[in-house]
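J.: Predicted coordinates and the sequence they were generated for:
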Amino acid sequence: MEKLIIDDHQFLERLNRSHVEVIFNAIDQNRKFLRMWLPFVDFTFKADDTERFVQSVLEKSSANRDEVYVIWYKLEFAGLIGFKDIDKVNDKIEIGYWLTEKMTGKGIATAATRKMVNLAFRNMDMNRVQIKCGVGNEKSSAIPQRLGFYFEGIERNGERHNHTYIDLEVFSLLKREWAETLF
């Protein structure tokens, strides 16, 4: 699916090469805001860096490719969301996301995450969806909590940031739990 409609104001569009400039500009304009929780910001200095990221996603075979979508809100770039670490043997998947600063606090990431959760369970027949958030990133961890995910614990030193490591909160939702809710 190239486009996933969320509502009248928001949709997801599958990542493609035409998005490089808008993604890079968003990173560049939101560098201070994004760098606290996103380690790639300090390695993204020019549009070529973003182009390499997009190319790395698109070059993988469809069986091994992360599913990455651009989040559009009122036809304006809001951020990215995607599936990563797709494990088809164990039917589990992880969702990652980020928004530009001005798009936070509008329910955009929650709605996009809900759409991705539904896609994982309905269309991809996954059994488990996982989200990891940096400890202290309250806005990010509020999303899985809002959507009924179970807090599993802390993955110690789970992600490298600059020259140190941060702990990650791990949240999960199982297909049977999802089926019990009106998602």
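T.: Alright, I've got the coordinates. Numbering: from 1, shown residues only.

J.: Past the helix ranked longest in the chain, which element shows up next along the chain?
T.: Longest helix in the chain, counting residues (DSSP state H): helix 47-59. Later in the chain than helix 47-59, the nearest helix or strand by DSSP states H and E is strand 67-73.

J.: shaky segments in the protein?
T.: For the chain, the stretches flagged by pLDDT under 70 are 1, 61-65, 182-183.

J.: how about the strands in this protein?
T.: Read by DSSP state E, the chain holds these strands, from start to end of the chain: 3-5, 10-14, 67-73, 76-87, 92-99, 128-134, 150-161, 164-174.

J.: other SSEs contacting the fifth one?
T.: The helices and strands touching strand 92-99, judged by 3 or more Cβ pairs under 8 Å, 6 or more residues apart in numbering; DSSP states H and E, are strand 76-87, helix 108-118, strand 128-134. In short, each C-beta sits where N, CA and C put it, glycine included.

J.: tell me the angle it makes with strand 128-134.
T.: 40 degrees (axes from the mean of the first three to the mean of the last three Cα atoms, to 10 degrees).

J.: Quick one: work out the angle between strand 92-99 and strand 164-174.
T.: Here strand 92-99 points in a direction 120 degrees away from that of strand 164-174 (the same axes, to 10 degrees).

J.: Partner strands of strand 92-99, with direction?
T.: For strand 92-99, sheet partners with direction are given as strand 76-87 (antiparallel), strand 128-134 (parallel), following DSSP bridges.
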